[in-house]
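In: Turn this into a model:
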Amino acid sequence: MNNKSEFLGTESINKLLWKLSTPAIIGLLVQAFYNLVDTFFVGRALGEQSVLGIAGVAVAFPLQMLMMAISIGIGVGGSSVISRMLGSGDVNKAEKTLGNVFTYTLILSVIFQILFFFNVDAVLNLFGATVDNLFYAKEYSVVILQGTLAFTFGFVLNNLVRAEGNSKVAMNNMVFSGVLNIFLDAILMFGFGMGVKGAALATVLAQLAGTLYLVYYYLGGKSQVKIKLSNFAPKFNMIKEISLIGFGSFVMGASNSFMMLVLNNVLAIYGGDLSIAVFGVAIKLLMLILMPIIGISHGLQPIVGYNYGAENYARVNESVKTSLMITTFFGLVGFLLLSAFPGTFFSMFSSDADLIGSGASALRIMVLASPLIGLNVIGTTFFQSMGKAKPSFFLSMSRQILFLIPLVILLPYYFDLTGVWMAFPISDLLAALLSMFLVWREYRYFQMQEQP
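Out: The predicted structure is shown next:
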């Protein structure tokens, strides 16, 4: 048993969950905040063109999310294997997994960059670009694509660091790159007048700095798993295991990207650039609710993985129950804040009266089921951490693919633009009910295993 991770099986669950989640929550909130600041700077720097600028960045955002989905899929798959290997004392396999994660990330990143960089116009048109916002969408996307490796390795390594229970390093990285991003935004957009291109360049440079910090963490011998060149040789079975486990997270991220693609196209029909800009701001405000919930799931993952590997099912159940209570509380607080002051939040990004009025109406509807979001996120993480790829995959795709996208296409036929916003709380509710059913079934099974 590796004594550096032994605390995952001995400390009190409540204390452990907060200890592992708090750094992730802080880091993710900083990330959400700098995404908001990015949009704030675009809105303020472009003045009368703010609606088109925000809409352009919103159209380009699915591309960035797809890049993140690949990284998170590899990172979650790799970290699940590493945490279980550390739990069972197999450090050798944990180190082999680390080497294969590096190789896998490099190969997929290069393929992604080549594929999308040389087809950027076609991709943005598919993502819902209009004649008016295409210029801004392309300026942003080209720079982001040039920084693909900085993004992918940054997200992957952050997940791996958490797998060791070293969430403070992950938090330091996210806070460092987030603050740097905000600082560079101000310099490049207002100091050098680079507009949307400056926002994209600031994001890439900040991600690159964070990635270099994490590479230094591994090469500097600060991790309990060592980087060895001999482990970089790809092993089919290992990459298959990483892919199967991380596939649920990839689908969740990719479905976010696909959801935004569908949303942008539907909004272009029912509301035009104004509605795309409303969605571009609203989705980043919703991240303020989602990020703390994801932070709790990051803290939960190594606890479940380690204790499941050690067959300590009572601790697995206790950690899931505590996580659900905390995430429901976060969702409730987010709902109260965003539904009480939606116009105030929108007025920070633009002085355009139409954007503020339409945004406030949309946001009030979109957050109605926010207290239930945690059920789906925790349910997906629960199964991922145990290496159960099928239920994890099913839950991860349920909210976006199974419920949200069909509702976004169907409801506008009956309720026009309001139907698009209504699709969000209805899909949150349906995904929560499905997650509750699957998690409860597993929870009861573990209870029976613990009975004498």
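
In: got a list of what Phe117 touches?
Out: Val142, Leu145, Gln146 (Cβ atoms under 8 Å, 6 or more residues apart in numbering). For every residue, glycine as well, the C-beta is placed using N, CA and C.

In: So which of those are in helices?
Out: Counted as lying in helices by DSSP state H, out of those, are Val142, Leu145, Gln146.

In: Out of the contacts of Phe117, grab the one that's most surrounded.
Out: Greatest neighbour count in the contacts of Phe117, by other Cβ atoms under 10 Å, goes to Leu145: 24 neighbours.

In: Would you mind measuring from it to Ile114?
Out: To Ile114, Leu145 is 10 Å away according to Cβ to Cβ, to the nearest Å.

In: go on, Phe151?
Out: Remark: distance between Phe151 and Ile114 (Cβ to Cβ) = 15 Å.

In: So between the two, which is more surrounded?
Out: The residue with more neighbours, out of Phe151 and Ile114, is Phe151; 25 against 12, by other Cβ under 10 Å.

In: Can you verify my assumption that the more buried one contacts Met68?
Out: Yes. Using Cβ atoms under 8 Å, Phe151 makes contact with Met68 at a distance of 6.9 Å.

In: so where is the stretch 351-452 of the chain shaky, pLDDT-wise?
Out: Residue ranges of the stretch 351-452 of the chain with pLDDT under 70: 450-452.

In: how far does stretch 120-132 sit from the chain's center?
Out: 23 Å (Cα atoms, centre = their mean, to the nearest Å).

In: from the middle of its chain, how far away would stretch 129-142 be?
Out: Averaging C-alpha positions (Cα atoms, centre = their mean) puts stretch 129-142 23 Å from its chain's average.

In: which other residues reach that stretch?
Out: 52-53, 55-57, 59-60, 63, 117, 120-121, 123-125, 127, 195-197, 199-200, 264, 268, 272-273, 276.

In: repeat for stretch 240-257
Out: By Cβ under 8 Å, 6+ apart, the list of residues contacting stretch 240-257 from outside reads 62-63, 65-66, 68-70, 72-78, 80-81, 97, 100-101, 104, 380, 383-384, 387, 389, 392-397, 399-401, 405.

In: Those residues in helices, which ones?
Out: 62-63, 65-66, 68-70, 72-78, 80-81, 97, 100-101, 104, 380, 383-384, 389, 392-397, 405.

In: that older thread, ok, of the contacts of Phe117, which one's closest to Pro302?
Out: Among the contacts of Phe117, Leu145 lies closest to Pro302 (Cβ to Cβ), at 32.6 Å.

In: which one is the closest one nearest to, not counting chain neighbours?
Out: In space, Leu145 comes closest to Phe117 once its chain neighbours are excluded; the distance is 4.7 Å by Cβ to Cβ, 6 or more residues apart in numbering.

In: next one: Val169
Out: Val169 sits nearest to Val161 (Cβ to Cβ, 6+ apart), 4.9 Å away.

In: Mind telling me what element that neighbour is part of?
Out: In this assignment (DSSP states H and E), Val161 forms part of helix 148-163.

In: List of residues touching the helix or strand just after that helix?
Out: The element immediately downstream of helix 148-163 (helix or strand, assigned by DSSP H and E) is helix 167-186. If you take Cβ under 8 Å, 6+ apart as the criterion, helix 167-186 is touched by 19-24, 26-28, 30-31, 33-34, 37-38, 41, 154, 158, 161-162, 198-199, 201-203, 205-207, 209-210, 213-214, 217, 222, 298-299.

In: sorry, back to before: helices and strands around the helix holding Val161, which ones?
Out: Helix 148-163 sits against helix 50-88, helix 91-117, helix 167-186, helix 195-219, helix 272-309, with contacts defined as 3 or more Cβ pairs under 8 Å, 6 or more residues apart in numbering; DSSP states H and E.

In: switch to 6 Å and redo it
Out: If you count contacts as 3 or more Cβ pairs under 6 Å, 6 or more residues apart in numbering; DSSP states H and E, helix 148-163 packs onto helix 50-88, helix 91-117, helix 167-186, helix 195-219.

In: and the angle for it with helix 50-88?
Out: 40 degrees (axes from the mean of the first three to the mean of the last three Cα atoms, to 10 degrees).

In: average pLDDT for helix 148-163?
Out: Averaged across helix 148-163, pLDDT comes to 87.

In: one step back: packed most tightly, which of the helices and strands packed on helix 148-163 would that be?
Out: helix 50-88 (a mean of 27; mean count of other Cβ atoms under 10 Å).

In: Kindly provide the whole-number mean pLDDT of that helix.
Out: Averaged across helix 50-88, the pLDDT comes to 84.

In: Quick check: the closest residue to Val143 other than its chain neighbours vs Met325, distance?
Out: Excluding the flanking residues, the one nearest Val143 by Cβ to Cβ, 6+ apart is Ala200, at 3.6 Å. For Ala200, the distance to Met325 equals 39 Å [Cβ to Cβ].
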